[in-house]
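K.L.:
Here is my input, please return the structure:
(one chain, ligands or ions: 1)
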Amino acid sequence: MGLNVDIEKRFPGFSLKIKLDCAPGVTGILGASGSGKSMLLNCIAGLVKPDAGTIVLDGRMFFDASKRIHITPQHRKAGILFQNYALFPHMTIRDNIAFALDGLTPGEKDEKVGALLKRFNIADFAGRYPAQISGGQQQRVALARALAVEPDILLLDEPFSALDQHLKTRMMKDMAELLKDFKGCALFVTHNMEEAYRLCARLVIINSGRVEASGPRQEIFERPESYETAVITGCKNIRPAVRVSDHSVRVPDWGLTLTSAMEIGAEKGFAGIRSNHLRLAGEGDADNCFAAWIADVSEAPFTTTLYLKPGSKPDGAEDYQLQCELKRDQLREIADFSQPVTLHFDPAHVFFTEH
Ligand SMILES: Nc1ncnc2c1ncn2[C@@H]1O[C@H](COP(=O)(O)OP(=O)(O)OP(=O)(O)O)[C@@H](O)[C@H]1O
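P.N.:
Model (predicted):
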């Protein structure tokens, strides 16, 4: 059971070559802009035809280039939700939802659409056109339409990116509920690490049309195996490093030798620590403590990021090499800090990737 993709698609200047096996559940797809995430979803949905390979869902062949099998999008029973909602502008909300329902009597159709309108709290606008409702309401209509076909697979391509923060939080909660009840495979493309972490049990990292890494989300975040995986999952502090011993690495750019709880296997690679794991040293921190100067400070509603230079005084706000993200209440404690501050690189969170 699950989704098995092994495809190639070539364009001038870009090629997608993806091999991927997804178990039922939510798989997050992360990757830089232009890395091929939407193209992958479009191939699975049947909107783009690969040049070679196979796509199989729960044993059903969607696509097999060698046997010339290419099931139409309508017959794949994929629930698709794209970032721009893709509602038909000339159809009412009710007709948009009913559009994909084949093989039902008018009575059955009405009953089904009525239930979806109610479930997604959009019954009041059933007779309006997409341009006459808000972005959040449009997104709920698109979700209702995606679920109308009772999909075997859900393909969600940055579904919240056009929503404001308040709506995004609400939709994310609704989506989490919905995905909990969904028994099939769901692929969820996002650039947002919080969304990826909250909604996805597993992650696939796409880099230049290839699978860079895949695995349980915690593993991917805690122990990225490549520089690209670390950067794509949002790591701000990662630099070339040289192995010193089984558990220590030298990072020349930072002028530091760090201890890591993880065993360091290769001679050369990259050492990193996520900005939320880099802390100001407290009592009892002994290993991995180093002096650093604050080059700049950036405040968000609940967090503050310090831009730091280890060792010597910075020449200006841009002269920093490390980022340390603190919660607001932590900041209060350091309101009177004197410089340089002492940073603590928790060995449990210092990771090392091979080249
Ligand atoms: N029809 C096409 N012809 C040629 N190249 C294309 C075509 N469609 C997409 N591409 C290219 O394929 C690459 C992957 O595009 P895709 O939309 O899958 O990226 P993405 O990872 O979804 O990006 P984003 O995060 O910005 O949405 C891009 O470089 C894009 O320019």
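
K.L.:
May I see the buried residues of the one helix or strand Glu194 maps to?
P.N.:
According to DSSP states H and E, Glu194 maps onto helix 193-199. Neighbour-count burial for helix 193-199, counted by 16 or more other C-beta atoms under 10 Å, picks out 193, 195-197, 199. (Each C-beta comes from the backbone N, C-alpha and C, glycine too.)

K.L.:
how about that helix as PDB, C-alpha atoms only?
P.N.:
What follows is helix 193-199, C-alpha atoms only, in PDB (Å, rounded to 0.1, in the frame of the first residue of the first chain):
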ATOM      1  CA  MET A 193       9.000  24.700   8.500                       C
ATOM      2  CA  GLU A 194       6.300  25.100  11.100                       C
ATOM      3  CA  GLU A 195       3.700  23.600   8.800                       C
ATOM      4  CA  ALA A 196       6.000  20.800   7.700                       C
ATOM      5  CA  TYR A 197       6.800  19.900  11.300                       C
ATOM      6  CA  ARG A 198       3.200  20.100  12.500                       C
ATOM      7  CA  LEU A 199       1.400  18.300   9.700                       C
END
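
K.L.:
quick one: contacts of it?
P.N.:
Applying C-beta atoms under 8 Å, 6 or more residues apart in numbering, the contact partners of helix 193-199 are 26, 28, 30, 160, 172, 175-176, 179, 188, 190, 203, 217, 221, 233-234.

K.L.:
pLDDT wise, what is the nearest residue to Lys236 once chain neighbours are set aside at?
P.N.:
Distances taken as C-beta to C-beta, 6 or more residues apart in numbering place Gln323 nearest to Lys236, at 4.3 Å, with adjacent residues excluded. On the pLDDT scale, Gln323 is placed at 96.

K.L.:
And Gln323, how close does it get to the ligand?
P.N.:
Distance from Gln323 to the ligand, counting by C-beta to the nearest ligand atom, to the nearest Å: 23 Å.

K.L.:
Could you list which residues are in contact with that residue?
P.N.:
236-237, 275, 278, 305-308.

K.L.:
So which bits of this structure are right by the ligand?
P.N.:
Contacts of the chain with the ligand, taken as C-beta under 6 Å from any ligand atom, map to 11, 14, 31, 33-39.

K.L.:
Tell me which of the residues you listed fall in helices.
P.N.:
37-39 (DSSP state H).

K.L.:
hmm, which of the residues of the chain next to the ligand are the buried ones?
P.N.:
Neighbour counting with 16+ other C-beta under 10 Å marks 31, 35-39 as buried within the residues of the chain next to the ligand.

K.L.:
could you dump stretch 255-265 to PDB, C-alpha only?
P.N.:
Output in PDB follows, covering the C-alpha atoms of stretch 255-265 (Å, rounded to 0.1, in the frame of the first residue of the first chain):
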ATOM      1  CA  GLY A 255      37.400  29.800  14.700                       C
ATOM      2  CA  LEU A 256      35.900  27.100  17.000                       C
ATOM      3  CA  THR A 257      36.400  23.500  17.800                       C
ATOM      4  CA  LEU A 258      33.000  22.000  18.700                       C
ATOM      5  CA  THR A 259      32.100  18.800  20.600                       C
ATOM      6  CA  SER A 260      29.200  16.800  19.100                       C
ATOM      7  CA  ALA A 261      27.300  14.000  20.700                       C
ATOM      8  CA  MET A 262      27.000  12.400  17.300                       C
ATOM      9  CA  GLU A 263      29.900  10.400  16.000                       C
ATOM     10  CA  ILE A 264      31.800  12.200  13.300                       C
ATOM     11  CA  GLY A 265      32.500   9.800  10.400                       C
END
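
K.L.:
List the buried residues of that stretch.
P.N.:
So, applying 16+ other C-beta under 10 Å, buried residues of stretch 255-265: 256-260, 264.

K.L.:
tell me the mean pLDDT over that stretch?
P.N.:
92.

K.L.:
contact partners of that stretch?
P.N.:
Stretch 255-265 is contacted from outside by 223, 241, 243-251, 271, 287-288, 290, 310-311, 345, 347-348, 350-352, 354, using C-beta under 8 Å, 6+ apart.
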